[in-house]
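Chemist: requesting a structural model of the entry that follows:
(one chain, ligands or ions: 1)
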Amino acid sequence: MRRVPRHLFVEPALVNRAYDDDPLPIGAKQTISQPYIVGYMLQALELKGTERVLEIGTGSAYQTALLAELCANVFSVEKLHELAVQARARLDELCYYNVAIHMGDGTLGWSEHAPYDAIVVAAGAPGIPAPLSQQLAAGGRLIIPIGDDQSQTLKLTVRTPTGLEETNLGGCRFVKLLGRYGWQG
Ligand code: SAH
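Modeler: From the prediction side, this is the model:
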C-alpha cells in the first residue's frame, strides 16, 4: 500500500483527504473504497505473486494497482465507460502493464481468461453470481460482499477438492453490484 500513491486515484479537489482511512467519491455516484477494507480483502486472498486475478468493479483502479503489485495478471471489469477509460489511463501512467480492463457486466465474470486463482468483487451483491464461482480455479479464493444496499457481509468462498467452502469475514458497506446476476437498479 505504501507503493501505490492513493492521491493519484482521487479527484484533484480531494487530494488532501487521499490518505484518510475513508471511502471518497470518484464521480458517477461511485466511491474509491476505504483503504482498510481494501487491505483486509487483499490479505484474505493470500496472493503469492503468481496468480491470475479477476476483479469486478475497477472504479478508481486503486485496488487494481494494488493487485498488480501482488499477483502476475489482473483482469478487471468495470460497468461504467467513463470510469473504465479513466482507470486505463491511470494504470498506463503508473506503468502497470499486467492489467487488462474490460468494460461490461462483471456479474458475468470474464470467461475468456478463466479460470482465476482469485476473484475479488468491490460492490455489494444479493448473492454470489453463478458465473463467478464457475470461473474460480481449483484452490481459488473468491471474495464478495453479500447483503442488501445498506450493509453486507464479506464472504470468502474457496474451491476445495470437495466443493465450495464459505466463510464470513465480517460486515462491510459497498455500493451496489448492478447487472444480470446482481441488483437490477
Ligand atoms: N475498488 C474500487 C471500488 C469502486 S466502487 C475503488 O476502490 O475505486 C464499485 C465499482 O463497481 C463502481 O465503479 C461501479 O461502477 C462498479 N460496478 C457496479 N456493478 C458492476 C458490474 N456489474 N460490473 C462491473 N462493475 C460494476
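
Chemist: for the helix or strand hosting Ile143, which positions count as buried?
Modeler: For Ile143, the host element (DSSP states H and E) is strand 136-147. Neighbour counts over strand 136-147 (16 or more other C-beta atoms under 10 Å) mark Leu136, Gly140, Arg141, Leu142, Ile143, Ile144, Pro145, Ile146, Gly147 as buried. To be clear about C-beta, it is placed using only N, CA and C from the backbone, and glycine gets the same treatment.

Chemist: up against the ligand, what does the protein have?
Modeler: Neighbours of the ligand within the chain, by C-beta under 6 Å from any ligand atom: 26, 30-33, 56-57, 59-60, 62-63, 77-80, 83, 105-107, 122-123, 175, 177-179, 182.

Chemist: any idea of the mean pLDDT for the host helix or strand of Thr153?
Modeler: Counting by DSSP H and E, the element that carries Thr153 is strand 152-160. In this model, strand 152-160 has a mean pLDDT of 98.

Chemist: hmm, Leu154 is touching Thr167, no?
Modeler: No - with contacts counted by C-beta atoms under 8 Å, Leu154 stays clear of Thr167, the gap being 9.4 Å.

Chemist: and the two? Which one has more around it.
Modeler: Neighbour tally, Leu154 and Thr167, criterion other C-beta atoms under 10 Å: the higher count belongs to Leu154, 22 against 12.

Chemist: where exactly do the helices run in the protein?
Modeler: Along the chain, counting by DSSP state H, helices occupy 35-45, 62-70, 81-93, 130-134.

Chemist: hmm, back to that, averaged pLDDT, the strand holding Ile143. What do you get?
Modeler: 98.

Chemist: which residues sit against it?
Modeler: The list of residues contacting strand 136-147 from outside it, by C-beta atoms under 8 Å, 6 or more residues apart in numbering, reads 41, 44-46, 115-121, 123-128, 132-133, 152-161, 169, 172-174.

Chemist: out of those residues, which are buried?
Modeler: 41, 44-45, 115-121, 123-126, 128, 132-133, 152, 154-157, 159, 172-174.

Chemist: grab the nearest non-local neighbour of Tyr62.
Modeler: Phe9 (4.1 Å; C-beta to C-beta, 6 or more residues apart in numbering).

Chemist: pull the most distant pair out of the buried residues of strand 136-147.
Modeler: The largest distance within these, taken as C-beta to C-beta, falls between Gly140 and Gly147 and amounts to 22.5 Å.

Chemist: for stretch 94-103, output the C-alpha coordinates as PDB.
Modeler: Extracted in PDB, the C-alpha atoms of stretch 94-103 (Å, rounded to 0.1, in the frame of the first residue of the first chain):
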ATOM      1  CA  LEU A  94       1.900   4.400 -13.500                       C
ATOM      2  CA  CYS A  95       3.300   1.600 -15.800                       C
ATOM      3  CA  TYR A  96       1.000  -1.200 -14.600                       C
ATOM      4  CA  TYR A  97       1.300  -3.300 -17.700                       C
ATOM      5  CA  ASN A  98       0.000  -6.600 -16.200                       C
ATOM      6  CA  VAL A  99      -3.600  -5.300 -16.000                       C
ATOM      7  CA  ALA A 100      -6.300  -5.900 -18.600                       C
ATOM      8  CA  ILE A 101      -9.500  -3.900 -18.300                       C
ATOM      9  CA  HIS A 102     -12.900  -4.800 -19.800                       C
ATOM     10  CA  MET A 103     -15.900  -2.600 -19.900                       C
END
